[in-house]
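1. Pasting a predicted model and its sequence here:
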Amino acid sequence: MDAIRNIPAILAISLVLAGLLISFVCKARRSPLPPGPRGWPIVGNIFNLPPRGDPLPWLGVGWDQQLILAQYGDHFRAMRKMMKTYLGSPSAITNFRHIQELETRYFLTRILDDPANLISHIRWTAGAISLRISHGYIIETDQPDPLVDLVETAAKDFYAITMPGAWLVDIFPIMKYLPDWMPFKQAAATYRSHNLEQTERPHSFVKNRMRAGTELPSFTSDMMSTGPDEATEHAVKYAATAIYGGASDTTVAALSAFMLLMLLYPDVQKRARDELDSVVGNKRLPNFDDRPSLPYLEATMKEVMRWHSTGRIVCPGKDLANANMFIATAMTLSVFEISKGKDENGIEIEPRCEFEGGTVSHPLPFAFTLKPRSPEAEDLIRIVNEEAPRRPSDGPYL
């Protein structure tokens with residue numbers, strides 16, 4: 001009975017070995033190729049793969065419909081055109097300034113009350129801005145938001161499938177013909193489900209709101225108002241996903257790196273803050289109108305972008321991500337002091353300048369202290385609760 005039970009596994013292994021043998025024999029008969037690294041028998045150039053952490057394009061589990069991995073064609077061109085029209089230039093994104101400024105003010109109140117979870121608050125804020133623009137969706141702030149959680153899960157899936165050398169099927173494509181009970185195929189099914197859900201659920205949310213006449217202005221509602229055909233609606237869904245999936249994660253990575261940079265170079269922090277004080281003063285928070293008068297802060301942002309992979313990403317949402325970065329750094333520096341964390345003995349902890357591997361590179365966790373510059377700064381932060389109380393979340397209606 002055991003032998004019978006093991007037949008599927010034996011057949012699967014035999015299929016792989018046969019495929020490898022055929023591949024090896026066929027390769028030996030090919031015409032000479034241009035110069036390149038010499039491979040090993042059977043495994044070829046597996047040891048010449050990029051190190052873990054470098055992006056490696058991989059089309060699979062439905063991600064080939066997403067802008068970041070879509071092949072050039074009608075679907076890709078449609079998504080790019082939509083995004084370029086809606087937010088693909090500095091002038092186009094001026095329509096979103098009120099959202100960015102307001103959500104960043106909420107961000108300041110959250111880190112004032114809970115500075116230890118700074119990175120989580122950065123993620124919340126990036127998601128809040130992106131989802132409001134892409135789908136007119138208002139996130140939960142007092143508890144985990146279902147859509148933000150879904151997007152985070154899908155993003156982690158994406159990093160897993162694009163990690164070089166992590167999947168044997170990338171090296172031996174014949175393995176895709178193995179049975180569905182193989183662990184890597186079960187993982188692929190889960191990733192495919194998450195990817196589909198993060199695309200379909202928010203799109204359905206907007207369509208339901210449009211039928212009820214209660215939708216907020218958004219990329220999706222704007223594109224769907226013309227009654228698009230099936231192919232165009234398909235492009236709308238995935239272009240909207242690119243707005244919150246792309247702009248939000250690059251913003252999180254860049255802002256986290258900015259905070260680390262302020263710890264490593266306190267003189268840079270002071271000079272940027274002095275510039276803010278001279279332009280804005282201490283009676284109000286900075287806004288986008290101040291940006292042309294803040295060249296040192298602008299240069300500091302560009303250095304952060306140069307520092308790690310976010311600066312190398314070119315996409316239709318780059319101006320939106322850049323604007324998110326500006327307003328968050330300007331407001332944060334104007335009212336908070338960022339300093340090194342301390343251990344249990346009160347000794348400063350020197351931050352490490354280390355980054356995760358992945359398609360978008362995030363700093364590894366680092367110790368820090370964040371506190372308001374003055375009682376007046378704290379008042380500037382908290383006044384948003386009176387001037388613009390948060391609207392109820394759309395989480396229950398997703």
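-> It's in.

2. which non-adjacent residue is nearest residue 114?
-> Nearest non-adjacent residue to residue 114, counting by C-beta to C-beta, 6 or more residues apart in numbering: residue 121, 7.1 Å away. (Glycine included, C-beta is placed from N, CA and C.)

3. Am I right that the one you found is in contact with residue 112?
-> No: the pair residue 121 / residue 112 is not scored as a contact, 9.9 Å apart, by C-beta atoms under 8 Å.

4. Counting neighbours, go ahead and name the busier of those two.
-> Set side by side, residue 121 and residue 112 show more neighbours around residue 121, with 22 against 18, by other C-beta atoms under 10 Å.

5. so residue 241 touches residue 66, yeah?
-> Yes: with contacts counted by C-beta under 8 Å, residue 241 reaches residue 66, the gap being 6.3 Å.

6. Those two: which has the busier surroundings?
-> Ranked by neighbour count (other C-beta under 10 Å), residue 241 and residue 66 place residue 241 first, with 26 against 21.

7. gap between the more buried one and residue 152?
-> Separation of residue 241 from residue 152 (C-beta to C-beta, to the nearest Å): 13 Å.

8. swap in residue 116?
-> According to C-beta to C-beta, residue 116 and residue 152 sit 19 Å apart.

9. neighbour count winner among the two?
-> residue 152 (18 against 12).

10. Low-confidence stretches in the stretch 1-150 of the chain?
-> Scanning the stretch 1-150 of the chain for pLDDT under 70 picks out the ranges 1-60.

11. could you pull out the helices for it?
-> 2-5, 7-29, 74-87, 97-113, 118-135, 146-161 (DSSP state H, counting those that start in this stretch).

12. Deepest in the core, which of the ones you listed is it.
-> helix 118-135 (a mean of 24; mean count of other C-beta atoms under 10 Å).

13. Export that helix to PDB, keeping only CA atoms.
-> Output of helix 118-135 as PDB, limited to C-alpha atoms (Å, rounded to 0.1, in the frame of the first residue of the first chain):
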ATOM      1  CA  LEU A 118       6.000  55.400  13.900                       C
ATOM      2  CA  ILE A 119       6.500  53.000  11.000                       C
ATOM      3  CA  SER A 120       3.000  51.600  11.400                       C
ATOM      4  CA  HIS A 121       1.600  55.100  11.400                       C
ATOM      5  CA  ILE A 122       3.600  55.900   8.200                       C
ATOM      6  CA  ARG A 123       2.000  52.800   6.600                       C
ATOM      7  CA  TRP A 124      -1.500  53.900   7.700                       C
ATOM      8  CA  THR A 125      -1.100  57.300   6.300                       C
ATOM      9  CA  ALA A 126       0.300  56.200   3.000                       C
ATOM     10  CA  GLY A 127      -2.500  53.800   2.700                       C
ATOM     11  CA  ALA A 128      -5.100  56.400   3.700                       C
ATOM     12  CA  ILE A 129      -3.900  58.900   1.000                       C
ATOM     13  CA  SER A 130      -3.600  56.300  -1.800                       C
ATOM     14  CA  LEU A 131      -6.900  54.600  -1.100                       C
ATOM     15  CA  ARG A 132      -8.800  57.900  -0.900                       C
ATOM     16  CA  ILE A 133      -7.400  58.800  -4.300                       C
ATOM     17  CA  SER A 134      -7.800  55.400  -6.000                       C
ATOM     18  CA  HIS A 135     -11.200  54.400  -4.600                       C
END
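
14. how long is stretch 305-319 end to end?
-> From its first residue to its last, stretch 305-319 covers 13 Å (C-alpha to C-alpha, to the nearest Å).

15. can you check stretch 342-354 too?
-> 19 Å.

16. average model confidence for that stretch?
-> Stretch 342-354 shows a mean pLDDT of 87.

17. what does that stretch contact?
-> 260, 263, 264, 340, 341, 363, 364, 366, 367, 368, 369 (C-beta atoms under 8 Å, 6 or more residues apart in numbering).

18. out of those residues, which are inside helices?
-> Per DSSP state H, helices hold the following members of the contacts of stretch 342-354: 260, 263, 264.

19. Run a quick neighbour tally on residue 372.
-> Residue 372: 19 neighbours (other C-beta under 10 Å).

20. and if you look at residue 337?
-> 17.

21. Got phi/psi on the nearest residue to residue 216 once chain neighbours are set aside?
-> Closest residue in space to residue 216, ignoring its immediate chain neighbours: residue 136 at 3.2 Å, by C-beta to C-beta, 6+ apart. Per-residue torsions, residue 136: phi 60, psi 30 (degrees, to the nearest 10).

22. quick one: residue 136 from residue 217, how far?
-> 6 Å.

23. So between the two, which is more surrounded?
-> Shown here are residue 136 and residue 217; by other C-beta under 10 Å, residue 136 has more neighbours (22 against 13).

24. OK, contacts around the more buried one?
-> By C-beta under 8 Å, 6+ apart, residue 136 lies in contact with 206, 209, 215, 216, 217, 218, 220, 221.

25. Same list, the residues you listed, but as a markdown table with secondary structure please.
-> Converted to a markdown table, the contacts of residue 136 look like this (DSSP: H, G, I helix; E, B strand; the rest coil):
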| residue | secondary structure |
| --- | --- |
| 206 | helix |
| 209 | helix |
| 215 | coil |
| 216 | coil |
| 217 | coil |
| 218 | coil |
| 220 | helix |
| 221 | helix |
